[in-house]
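# Based on what follows, work out the 3D shape:
(one chain, ligands or ions: 1)
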Amino acid sequence: MQPNITSWSIEEAEKTYGVSRWGGGYFRIGDNGNVKVTPDPNDPSIQIDFKSVINDIKEEGIQLPVVVRFHDVLRAQVENLNKLFNQIIEEAGYQGSYNGVYPIKVNQMREVVEEIVDAGTPYGYGLEAGSKAELLAALAMNTNEDSLTILNGYKDEEFMRLALLGRMLGRRMVVVVEKYSELLLLIKASKQLGIEPIIGVRAKMTVKGRGKWEGSAGERAKFGLTIAEIIKTARHLEQEGMSHCLKLLHFHIGSQLTDIRAIKEAITEGARIYADLHKMGFELDYVDVGGGLGIDYDGSNSTNDSSRNYTMHEYIADIVYGMKEVCDMEKVPHPTLVSESGRAITAHHSCVIMEIVGEIRSNSAELDTSVVDGEHFFTKNMREMLENFDGAPNKQELYNDASQYKEQALDAFKLRVLNLEELGKIETLYWQIMVKLKAFYADVDFVPEDLLELDYRLSSQYLCNFSVFQSAADTWAIDQLLPVVPLMRMDEPPTVNCSLVDITCDSDGKIDKFAVGREITNVLPMHPLKKGEHYYAGLFLTGAYQDVMGDMHNLFGRLNEVHIFSYDDDPEDFYIEEVVKGSSVEDVLHIMQYNPKAMATDVKRLIDKQISAGKIKPREGVKWTDFYENCLSGYTYLKTD
Ligand SMILES: *Cc1c(COP(=O)(O)O)cnc(C)c1O
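Numbers count the residues shown, from 1 in each chain. Next comes the predicted model:
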């Protein structure tokens, strides 16, 4: 769908970019054409304008690109999830309670985890860890004795000892057995230390989540125990006199579950396992339904990979009512419910602000193509095609001929029949024909297959000062769609269709999948760049996984970060509570085993040599030395002002 440029309005902008469809109630387009954040759903009067955020960032001397964290959004999501669980539990007459955990792999940043733990304290909301490093973090961070710490992932003996240390400190640490051999390790450590564990088992589910993570379940799943292994585990614990330690049943059928039906099926399957274990004498207290609560990245509310066909409310209702129904039929107590939603808690709270620093177009330079004596007949033919465009009865034929001429011209050039200048003119004429073709087909109902691509071929590429590999890893790795929109000028019609490219030297460093209108397209309507005016785009919903999965491709390191709190008494409704500096060039070089200090000394020595040789004046030499050192301690991204 092409946006309606002629009668452009804020409503049209909203239709085009779908900000409120994917914005989760936090983001919308303001009447002044700027994107705004309402970080606290309880106080809609607080509205933060991205333009003010950018102004403040600049005033503080912080360079773009930056990650912006809205701590209030994080808190609001924790509250939403917990309140909804409690509310639906009450409505359903469910007898157990809810004791959720936040899986820290989704965003392990200390400030993020601290905020979540703090916001979750009234609800006994805990943490989930899946590796030793995460466990060490969780042990220090989750100081709330009422909340759970769930330990998933593969474990060694040290891991078990750390978990038991947590038990000794009075924490509700649950070791989830992913593999039968882990049970033996845990029993051994527990007996040696004389500390009793709380044990969970992870079931390998037969129901598969649909979407990108469907490999998380099924018989080839990497994690979990088969039914036979679960029974063997329970019996083994019984023999050891430890069956009372078996407290939790866990399953996780994949992240970003797109279809609610998979969730319903998993709940039924999990509830049946729980109920039968109960009837066999293993009285578990908890059922942990894992993660998977999806985010509507493309705003389509569908089973697209980047969407989901349900709401948080529906998801929770299906868990609560589904569990209740099976337990009531089986006449077993309702277990305490645990969920491990990560994506849904963190996705909205952070975004990346980046500047568009240039435009790349195949037809940006044009040569003078007027007739000259002795020109090659290829050039002449191409010019005639352009001149006779309107009269050409069959435009597809014209397209085929022009494309063929262009290819032949290139061959002729390689064979030294055509010179460089003539090749350049042919290229110019070719693109002029393509522009005419595009305009012609814009008003025609049926567009031939070949020509459909013309829009994309003629579209611009906007060069963005950021790295896909650092800030949007999943768009590269798994073709994930993340919303990108202009942060300002939404009241102006976006007349340039473009894809986005980053500043890495990697042709994969690009974004060419967008949700525009109700469609997934390969170009995004943006505004024409203006000389001397900055133009900014926001990459949204990066708080889950993207923030922490980035890599150092081309040595672009971590981004500067600003943490924003809403504040009613401030004229702009917010303040920057903290700035976390991103990687400097020194930092990233250091990781790669360089010694930046020694490098600076070496370069200084080379400059001194030129001074001694009289090739550089001493004053200039000092300037060059300082410049090199300043660049070393500076930011890795492009400096734009
Ligand atoms: C990754 C993971 C989660 C988080 O899943 P989301 O879909 O982000 O909520 C929860 N539990 C386990 C075991 C995981 O591996």
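# show me what contacts residue 536?
Neighbouring residues of residue 536 by Cβ atoms under 8 Å, 6 or more residues apart in numbering: 50, 54, 64, 353-356, 486-488. In this view, the C-beta of every residue, glycine as well, is placed from N, C-alpha and C.
# Double-check residue 631 against residue 586; I have them as touching.
No: counting by Cβ atoms under 8 Å, residue 631 sits too far from residue 586 to count as a contact (9.6 Å).
# of these two, who's got more company?
Set side by side, residue 631 and residue 586 show more neighbours around residue 586, with 20 against 15, by other Cβ atoms under 10 Å.
# Doesn't that one belong to a strand?
No: going by DSSP: H, G, I helix; E, B strand; the rest coil, the assignment for residue 586 is helix, not a strand.
# Please give the element, helix or strand, for the residue of the chain found nearest the ligand.
With Cβ to the nearest ligand atom, the shortest gap between the chain and the ligand falls at residue 291, namely 2.2 Å. Counting by DSSP states H and E, there is no helix or strand that carries residue 291.
# who's in contact with it?
Residues counted as contacts of residue 291 (Cβ under 8 Å, 6+ apart) are 103, 106, 252, 255, 339-343.
# Just those: which are in strands?
Among those, the residues falling in strands (DSSP state E) are residue 103.
# can you narrow the contacts of residue 291 to ones near the ligand?
Among these, proximity to the ligand is found for 103, 106, 252, 255, 340-343 (Cβ under 6 Å from any ligand atom).
# Now intersect the residues you listed with the helices, please.
Mapping those onto helices (DSSP state H) picks out residue 343.
# could you pull out the strands for the stretch 1-150 of the chain?
Assigned by DSSP state E, counting those that start in this stretch, the strands in the stretch 1-150 of the chain fall at 27-29, 35-37, 48-49, 66-70, 101-103, 126-129, 148-151.
# Helix or strand next in line after the longest strand along the chain, which one?
If you go by DSSP E, the chain has its longest strand at strand 350-360. Of the helices and strands lying after strand 350-360 in sequence (DSSP H and E), the nearest is helix 377-387.
# Which strands or helices does that following helix pack on?
helix 395-414, helix 420-442 (3 or more Cβ pairs under 8 Å, 6 or more residues apart in numbering; DSSP states H and E).
# which of the ones you listed is buried the deepest?
Among the helices and strands packed on helix 377-387, ranked by average contacts under mean count of other Cβ atoms under 10 Å, first place goes to helix 420-442 (a mean of 18).
# Let me see the contact set for residue 157.
Residue 157 neighbours (Cβ under 8 Å, 6+ apart): 185, 188-189.
# still on that earlier bit, so for residue 218, which of the helices and strands packed on helix 377-387 sits nearest?
Closest of those to residue 218 is helix 420-442, at 46.1 Å (criterion: Cβ to Cβ).
# Quick one: work out the angle between the closest one and helix 395-414.
160 degrees (axes from the mean of the first three to the mean of the last three Cα atoms, to 10 degrees).
# where in the stretch 501-641 of the chain is pLDDT low?
Regions of the stretch 501-641 of the chain meeting the criterion pLDDT under 70 are absent.
# ok, which stretches of it are strands?
510-511, 514-516, 519-521, 524-526, 536-539, 560-566, 574-580.
# Got the domain ranges for this structure?
The chain breaks down into these domains under the TED database: 96-345, 351-361+456-558, 377-451, 586-633.
# Residue 37: which of those domains is closest?
The nearest among the domains of the chain, by Cβ to Cβ, is domain 351-361+456-558 at 8.9 Å.
# Now do that closest one: distance from first to last residue.
Chord length of domain 351-361+456-558, first to last residue, is 14 Å (Cα to Cα, to the nearest Å).
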